[in-house]
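> Build me a model:
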Amino acid sequence: MNLAIDIGNTRTKVAVYENNIILNIEIFEQIYFRKKIQNLISNCSEKPNIILTTVKNFSQDDEKWLSEISALTIINSKTPLPFVNKYSTPETLGIDRRVLASGAVLKFPNQNRLIIDAGTCITYDFITAKNEYLGGAISPGINLKYKSLNDYTDKLPLLSLNETHDVIGNSTNNSIHSGIINATLLEVDGFINSYINDFQNLTVILTGGDADFLAKRLKNTIFANPNFLLESLIMLYQYTIDHDK
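Below is the predicted model of the structure:
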């Protein structure tokens, strides 16, 4: 058995895979980490391979525990990448963005790629057809926008994602939905249009927890895959194995 683990800002995702094909995906909060992993590997006759990436500090106790029950590989800043990092501060590029960029290079060769990860934050990452990572953008995600309106005002309620997003909100709640959802759609479409104007042969990959919601409403043509980070993690792990041969 092989497990790919992505520990994000909000949730942990685990993919069970064989022969680079994802068989099952589990999503849960970090407090259930050990219990969930133990359940997944409980029927293994031998130690599973675990490939892990995290945007949060990973405790030494959890790392030691995983090392004892599995063949553990942690993708980090020292992992070889299939692209040239031209970020002006390369050491600050988040590991999640490194993994996504790697997956885009390996899955979509010889083309310009824009990866949009719509999670807690919305990140934009651009890699040229020459496999040069140039950078991108970071903005608040949908749920973060809802939370910020409630946190930084006295009377605006805390809402969650809603299908209602008419441009003219006819109540305070609907005005919040309109402002957040329409602003996000205009932002994402605007970024895509800017890249299309500047770069030919562009593939746009949309992933993250809000990918499905946005994909149905964007005007641009995109490749939508909510689990692209997990797939990228698997592809990057295979790349590191091939790279060491």
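> phi, psi of the most far-flung residue of the chain relative to its centre?
Within the chain, Asn170 marks the point farthest from the mean C-alpha position, 33.9 Å out by C-alpha atoms, centre = their mean. When quoted as degrees, to the nearest 10, the phi and psi of Asn170 stand at phi -100, psi 10.
> before we move on, what about Met235?
In terms of degrees, to the nearest 10, the main-chain angles of Met235 are phi -60, psi -40.
> Quick check, Cys121 in contact with Gly141.
Yes: using C-beta atoms under 8 Å, Cys121 is in contact with Gly141, at 5.2 Å. The C-beta positions use only the backbone N, C-alpha and C, and glycine is treated the same way.
> between the two, who's got more neighbours?
Gly141 (22 against 17; other C-beta atoms under 10 Å).
> Quick check: that one vs Tyr237, distance?
27 Å (C-beta to C-beta, to the nearest Å).
> what is the rounded mean pLDDT of stretch 89-100?
Mean per-residue pLDDT for stretch 89-100: 94.
> Can you pull the domain assignment for this protein?
Domain assignment for the chain by automatic domain parsing gives 2-74, 84-234.
> partners of the host helix or strand of Thr73 in the sheet?
For Thr73, the enclosing helix or strand under DSSP states H and E is strand 71-74. Its sheet considered, strand 71-74 pairs with strand 49-54 (parallel) by DSSP bridges.
> what comes up buried for the next helix or strand after the strand it pairs with?
Next helix or strand after strand 49-54 toward the C-terminus (DSSP H and E): helix 60-69. For helix 60-69, the neighbour count (16 or more other C-beta atoms under 10 Å) marks Asp62, Trp65, Leu66 as buried.
> any idea where the strands of this structure begin and end?
Secondary structure of the chain (DSSP state E): strands at 2-7, 12-18, 21-28, 49-54, 71-74, 84-85, 112-118, 121-127, 132-140, 202-207, 223-224.
> Give the pairing partners of the third one; include direction for each.
According to DSSP bridges, the neighbouring strands of strand 21-28, each with its direction, are strand 12-18 (antiparallel).
> next one: the last one
Pairing partners of strand 223-224, with direction, according to DSSP bridges: strand 202-207 (parallel).
> what mean pLDDT does the strand it pairs with have?
Averaging pLDDT along strand 202-207 gives 97.
> packing partners for the helix ranked longest in the chain?
When the chain is parsed with DSSP state H, its longest helix is helix 172-198. Helix 172-198 is packed against strand 112-118, strand 121-127, helix 142-151, strand 202-207, helix 211-215, with contacts defined by 3 or more C-beta pairs under 8 Å, 6 or more residues apart in numbering; DSSP states H and E.
> Pull out the buried positions in it.
Residues 174, 176-178, 180-181, 184-185, 188-189, 191-192, 195 are the ones in helix 172-198 that count as buried (16+ other C-beta under 10 Å).
> again, but for stretch 3-17
Using 16+ other C-beta under 10 Å as the burial criterion, the residues of stretch 3-17 that qualify are Leu3, Ala4, Ile5, Asp6, Ile7, Gly8, Thr12, Lys13, Val14, Ala15, Val16, Tyr17.
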